[in-house]
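K.L.:
Mind folding the following:
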Amino acid sequence: MDISSLIGIAIALAGIIGGQLLEGGYVGSLLQVAAFLIVLCGTTGAVIVQSPAGVFVRGVRMMKWIVLPPAFAPQKIVADVRRWSVSARKEGLLSLEQQANLARDPMAKKGLQMLIDGAEPEKLRAAMDVEIGTFEDYHRQAAQVWEAAGGYAPTIGILGAVLGLIHVMENLSDPARLGSGIAVAFVSTIYGVGLANLVFLPVANKLSALVAQQVLLREIMVDGLVSIASGEGTRLIDSRLLGYFTIQRPDAGGL
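P.N.:
Next up is the predicted model:
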């Protein structure tokens, strides 16, 4: 579980609310249901218009990655490739049949099956690159739902502000009703800019980073499979794959 995103949002909200209180304002003045509905519903509607239904649903479901990200364990991928390489060199490529049957990742299963079938390294890489590209596009489209929301929210917030000012202009003769219109006008802008920069865009960027991690895992695996197909030694394969990520090396500067 990764709660850093929740902590970040909490810190941002605490700073905004704290600043409001230090300036002598009231938290209740920031709570405007009408402004919130204008921004949230307007932004959601715009994103739905832009995105196919399936992509929009995937984007909403993908938000759970913010707290429950997919496993990122490149060491495990390297260990798997090392085991496949040793098995192939000692017992031949046909010995990978059992490894393919045990593999849970469909991409690993497909790659091992191509090795067993004697695919050339170039053809193996070409086929696996297509798999990686499809995987990346599938998940990046979902992540871009949040990026789109971050682009629309500030504009919808301005639209809410204009609606509030229209309400003010319609009630100039009734001072008692001016306050609600002015509140909606200003708070809509706050909601639009706030949701975009505190939620939507950070979520989009974090999801993109998580997708990049998953793509890296698959690139490591494909490089290993191609190396096995090329007949490279296990130590050489292991050394190159470890270069994809940092593992407490003296030259890593302790980072």
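K.L.:
Give me the most central residue, this structure.
P.N.:
The chain has Leu207 as the residue nearest its centroid, 0.9 Å off, counting by C-alpha atoms, centre = their mean.
K.L.:
dump the residue contacts of that one.
P.N.:
By C-beta atoms under 8 Å, 6 or more residues apart in numbering, the contact set of Leu207 is Met62, Met63, Trp65, Ile66, His139, Ala142, Ala143, Trp146. C-betas here are computed from N, CA, C, even on glycine.
K.L.:
just the helices in the stretch 101-250 of the chain please.
P.N.:
Ranges of helices within the stretch 101-250 of the chain are 106-116, 121-170, 178-195, 201-229, 234-242, based on DSSP state H, counting those that start in this stretch.
K.L.:
Those: which one's closest to Ser85?
P.N.:
helix 234-242 (4.3 Å; C-beta to C-beta).
K.L.:
related to what we said a few turns ago, return the member of the contacts of Leu207 nearest to Ile182.
P.N.:
After measuring the contacts of Leu207 against Ile182 - C-beta to C-beta - the closest member comes out as Trp146, at 30.9 Å.
K.L.:
my read: that closest one touches Val60, true?
P.N.:
No: the pair Trp146 / Val60 is not scored as a contact, 9.2 Å apart, by C-beta atoms under 8 Å.
K.L.:
more crowded one of these two?
P.N.:
Taking neighbours as other C-beta atoms under 10 Å, Trp146 and Val60 compare with Trp146 leading, 25 against 14.
K.L.:
for the more buried one, what are its contacts?
P.N.:
Contacts of Trp146 by C-beta under 8 Å, 6+ apart are Gly59, Met63, Phe200, Leu201, Val203, Ala204, Leu207.
K.L.:
Format the contacts of Leu207 as JSON lines; extra columns: distance to Ile3.
P.N.:
Formatted as JSON lines, these follow (distance: C-beta to C-beta, whole Å):
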{"residue": "Met62", "distance to Ile3": "18"}
{"residue": "Met63", "distance to Ile3": "14"}
{"residue": "Trp65", "distance to Ile3": "13"}
{"residue": "Ile66", "distance to Ile3": "9"}
{"residue": "His139", "distance to Ile3": "22"}
{"residue": "Ala142", "distance to Ile3": "22"}
{"residue": "Ala143", "distance to Ile3": "20"}
{"residue": "Trp146", "distance to Ile3": "19"}
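K.L.:
Most neighbours out of those, which is it?
P.N.:
Trp146 (25 neighbours).
K.L.:
In the chain, which residue sits furthest out from the middle?
P.N.:
The chain, C-alpha atoms, centre = their mean, max distance from centroid: Ser173 (50.3 Å).
K.L.:
What's the separation between it and Ser87?
P.N.:
86 Å (C-beta to C-beta, to the nearest Å).
K.L.:
Skipping its backbone neighbours, what lies nearest Arg89 in space?
P.N.:
Thr234 (6.5 Å; C-beta to C-beta, 6 or more residues apart in numbering).
K.L.:
Can you check the pLDDT for the one you found?
P.N.:
Predicted confidence (pLDDT) for Thr234: 88.
K.L.:
and it, how many neighbours?
P.N.:
Neighbours of Thr234 using other C-beta under 10 Å come to 19.
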